[in-house]
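In: Following is a predicted model, sequence given first.
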Amino acid sequence: LPAGKERLGALEPMANGTAHAGPAAEPFAIILGDACQRVPMEKVFDVAPGDLLVQRVAGSIAGRKDSTLFSSVEYAICRWKP
């Protein structure tokens, strides 16, 4: 993410359509975002597709312990160890 911030500051973002180099996604970060957000997180952080695991949530269910969001994030942490 710091490299993307540097590219953004230098006004040299990644080229559009940059594909992920690996055969499978290996995200290095988990991002929680709003369900109605219209900007792809890969563009915001200037990374390739597959570099982020993005969880979108509607309303205020993120704070509920029994929500599936927590289970999904726990699985992602165990699976990819970002």
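Out: Received, thanks. Numbers count the residues shown, from 1 in each chain.
In: and Val54, that's in a strand?
Out: Yes - looking at Val54 with DSSP: H, G, I helix; E, B strand; the rest coil, it is inside a strand.
In: Most distant residue from the centre of this protein?
Out: Asp66 (22.6 Å; CA atoms, centre = their mean).
In: Same question for stretch 35-50: list its buried residues.
Out: In terms of neighbour count (16 or more other CB atoms under 10 Å), stretch 35-50 has its buried residues at 41-42, 44-48, 50. (Each C-beta comes from the backbone N, C-alpha and C, glycine too.)
In: could I get the residues you listed as JSON lines with pLDDT?
Out: Shown next, in JSON lines, are the buried residues of stretch 35-50 (pLDDT from 0 to 100):
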{"residue": "Met41", "pLDDT": "87"}
{"residue": "Glu42", "pLDDT": "87"}
{"residue": "Val44", "pLDDT": "84"}
{"residue": "Phe45", "pLDDT": "87"}
{"residue": "Asp46", "pLDDT": "85"}
{"residue": "Val47", "pLDDT": "87"}
{"residue": "Ala48", "pLDDT": "86"}
{"residue": "Gly50", "pLDDT": "88"}
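In: from those, which two are the most distant?
Out: Within the buried residues of stretch 35-50, two members stand farthest from each other by CB to CB: Val44 and Gly50, at 15.3 Å.
In: Tell me where the chain has strands.
Out: Counting by DSSP state E, one finds strands in the chain at the ranges 29-34, 52-57.
In: now those strands in TSV, with mean pLDDT, distance to Gly9 and mean neighbour count?
Out: TSV is the format used below for the strands of the chain (pLDDT from 0 to 100; distance: least, CB to CB, whole Å; neighbours: other CB atoms under 10 Å):
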stretch	mean pLDDT	distance to Gly9	mean neighbour count
strand 29-34	88	19	14
strand 52-57	88	20	17
